[in-house]
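Asker: Fold the following.
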Amino acid sequence: MADSAWVPARVSAMADDSPAPRHRAFVRVTHWLTAACFFALLVSGFEIVISHPRFYWGETGNDLTPPLFQIPIPASRALVPTGYGYVLPDQNGWSRALHFQTAWALMFTGLFYLIAGLLTNHFAKNLLPAKADLALPALAAAISGHLRIARSSVAERSYNVVQRLTYLVVIFVLFPLTIWSGLAMSPAFTSAFHSAVTLLGGRQAARTIHFFLSLALLLFVVVHLAMISIAGFRSRMRAMITGRTSADSEHT
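Answerer: As a prediction, this is how the structure comes out:
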């Protein structure tokens, strides 16, 4: 009887001593779902751009109107004037289907992440920087020492102010604007919420904005992967897969 009462108490004490996971389960799951969706959107979006590598501003734009700018690559459609005497294989069918379906999957993933983050106070605890960190001297010092801070063992347990601000911009600015501009290219969305499209300057303006927002997200991913490699690829990957860091392994 005494032994049976002592064992749970010992197990409870050991559990209390173990560190909390670096990333909650919902963060890890939504992170990898978002990564898969972004890769699919990147590939399919590139194929969509190839079908018409010209961008316009306003409500309308086609192969008979002058573009705002164009990407210097051949198109996959012979009617699109790009200055090249040949066309690339047309992959517009499957790429559009994959792009739209993946976009909906990403929207639901983001919605789940947002709700779970609010319920667990994730944003306030892990992403919202302290007021002292936003002062210009502190912010300048954090930016200049970002690489050194990222390599430290402390970085395995918390984000620095540069990371916090970057993630907040990506989550609450870039992703919502990308989704908005993507929806604004849909005829169904345009007919139901025409004012939301007008605010972006029209359907063709929304396509141009969507393109630059996608480039900004791609730049974020490239820098994100570079920083992970510099800071310790295996440790950061382990933290995002299992929730445990190298410090946790040493603790146990």
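Asker: what sits against residue 119?
Answerer: Contact analysis of residue 119 by CB atoms under 8 Å, 6 or more residues apart in numbering lists nothing. In this view, the C-beta of every residue, glycine as well, is placed from N, C-alpha and C.
Asker: Just the pLDDT at it, thanks.
Answerer: Looking at residue 119, its pLDDT reads 95.
Asker: Please apply the same query to residue 166.
Answerer: As predicted, residue 166 sits at a pLDDT of 91.
Asker: Could you do residue 146 as well?
Answerer: With respect to pLDDT, residue 146 scores 55.
Asker: Kindly report the same for residue 78.
Answerer: Per-residue pLDDT puts residue 78 at 90.
Asker: show me where pLDDT drops low in the protein?
Answerer: 1-21, 137-158, 245-252 (pLDDT under 70).
Asker: need the strands for it, in chain order.
Answerer: 54-55, 69-70 (DSSP state E).
Asker: for the closest residue in space to residue 175 that isn't next to it in sequence, what are its contacts?
Answerer: Spatial nearest neighbour of residue 175, chain neighbours left out: residue 110 (6.3 Å); criterion: CB to CB, 6 or more residues apart in numbering. Neighbouring residues of residue 110 by CB under 8 Å, 6+ apart: 30, 34, 175, 179.
Asker: Might one say that residue 218 is in contact with residue 43?
Answerer: No. Assessed by CB atoms under 8 Å, residue 218 is found out of contact with residue 43, at 11.7 Å.
Asker: picking that back up, specify the stretch among the strands of the chain that is closest to residue 239.
Answerer: strand 54-55 (39.2 Å; CB to CB).
Asker: mind listing what the closest one pairs with, with the direction of each?
Answerer: strand 69-70 (antiparallel) (DSSP bridges).
Asker: what does the partner strand contact?
Answerer: 53-55, 82.
Asker: Widest-spaced pair of these?
Answerer: Using CB to CB, the contacts of strand 69-70 span at most 12.4 Å, a distance reached by 55 and 82.
Asker: picking up where we left off before, out of the strands of the chain, indicate the one that is most buried.
Answerer: Counting by mean count of other CB atoms under 10 Å, strand 54-55 has the highest mean neighbour count of these, with a mean of 20.
Asker: Off-centre distance for that one?
Answerer: Distance of strand 54-55 from the chain centroid (CA atoms, centre = their mean, to the nearest Å) equals 24 Å.
Asker: who's in contact with it?
Answerer: Outside of strand 54-55, the residues within contact range by CB under 8 Å, 6+ apart are 61, 63, 67-71, 80, 82, 204, 207-208, 211.
Asker: what about residue 176, how many neighbours?
Answerer: Number of residues near residue 176 (other CB atoms under 10 Å) recorded here: 12.
Asker: correction: residue 44
Answerer: Using other CB under 10 Å, residue 44 has 22 neighbouring residues.
Asker: what does residue 124 give?
Answerer: 10.
Asker: Tell me how far it lies from residue 130.
Answerer: 11 Å (CB to CB, to the nearest Å).
Asker: same deal with residue 172?
Answerer: 18 Å.
Asker: okay, the strands of the chain in JSON lines with distance to residue 106 next?
Answerer: Below are these laid out as JSON lines (distance: least, CB to CB, whole Å):
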{"stretch": "strand 54-55", "distance to residue 106": "23"}
{"stretch": "strand 69-70", "distance to residue 106": "27"}
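Asker: closest to residue 105 out of those?
Answerer: So among the strands of the chain, strand 54-55 is nearest, using CB to CB, at 26.0 Å.
Asker: Distance check, residue 211 against residue 188.
Answerer: 21 Å.
Asker: Compare these two (neighbour count), which wins?
Answerer: The residue with more neighbours, out of residue 211 and residue 188, is residue 211; 16 against 8, by other CB under 10 Å.
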